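S.K.: Give me coordinates for this.
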Amino acid sequence: QVQLLESGGGLVQAGGSLRLSCAASARTFSNYGMGWFRQAPGKEREFVGAISGTGGTTNYADSVKGRFTISRDNAKNTVYLQMNSLKPEDTAVYYCAAARSSYYVGGSLTDYPYWGQGTQVTVSS
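M.R.: Numbers count the residues shown, from 1 in each chain. Okay, here's the model as predicted:
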């Protein structure tokens with residue numbers, strides 16, 4: 001069982017930056033590929049990006065490519081989502097999730113059995 005806790009959300013103006021953190025309780029954190037997802041009001045949860053267990057492979061949704069960066073510190077059992085050049089359409093609840101495989105960096109929600117409770121990000125225009 002993996003427990004995840006996101007932090008770092010808040011209110012930011014368009015063009016600004018935020019860094020989200022996700023702390024995990026896993027015994028061997030590097031065994032898990034980690035993903036970030038988001039869900040805006042009235043919309044389905046969508047893939048933002050993911051990182052492999054070693055951090056050597058990343059994958060991003062086209063909507064955030066070039067603006068968002070995922071990294072991880074396995075010594076701290078933490079994964080990060082650095083968000084730059086934020087837009088109002090980035091407003092959502094952001095969730096981190098852990099995959100069953102350390103290699104997985106895909107965007108399928110069903111491949112992530114462990115989820116955090118989410119953190120709100122609001123981007124004002």
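S.K.: Tell me which helix or strand the most centrally placed residue in the chain sits in.
M.R.: Closest to where the C-alpha atoms of the chain average out (CA atoms, centre = their mean) is residue 36, at 2.4 Å. Using DSSP states H and E, the element containing residue 36 is strand 34-39.
S.K.: C-terminal to that strand, what's the next element?
M.R.: strand 46-51.
S.K.: contacting residues around the helix or strand immediately after that following strand in the chain?
M.R.: Using DSSP H and E, the next helix or strand after strand 46-51 towards the C-terminus is strand 58-60. Outside of strand 58-60, the residues within contact range by CB atoms under 8 Å, 6 or more residues apart in numbering are 48, 49, 50, 51, 52, 68, 70, 105, 106, 107. Every C-beta, even on glycine, is put in place using the N, C-alpha and C of the backbone.
S.K.: doesn't residue 81 make contact with the first one?
M.R.: Going back to what we said before, that points to residue 48. Yes: contact criterion CB atoms under 8 Å: residue 48 and residue 81 qualify, at 7.1 Å.
S.K.: Common neighbours of those two, please.
M.R.: 36, 68, 94.
S.K.: okay if I get those residues as a markdown table plus distance to residue 117 and pLDDT?
M.R.: Shown next, in a markdown table, are these (distance: CB to CB, whole Å; pLDDT from 0 to 100):
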| residue | distance to residue 117 | pLDDT |
| --- | --- | --- |
| 36 | 14 | 98 |
| 68 | 20 | 98 |
| 94 | 11 | 98 |
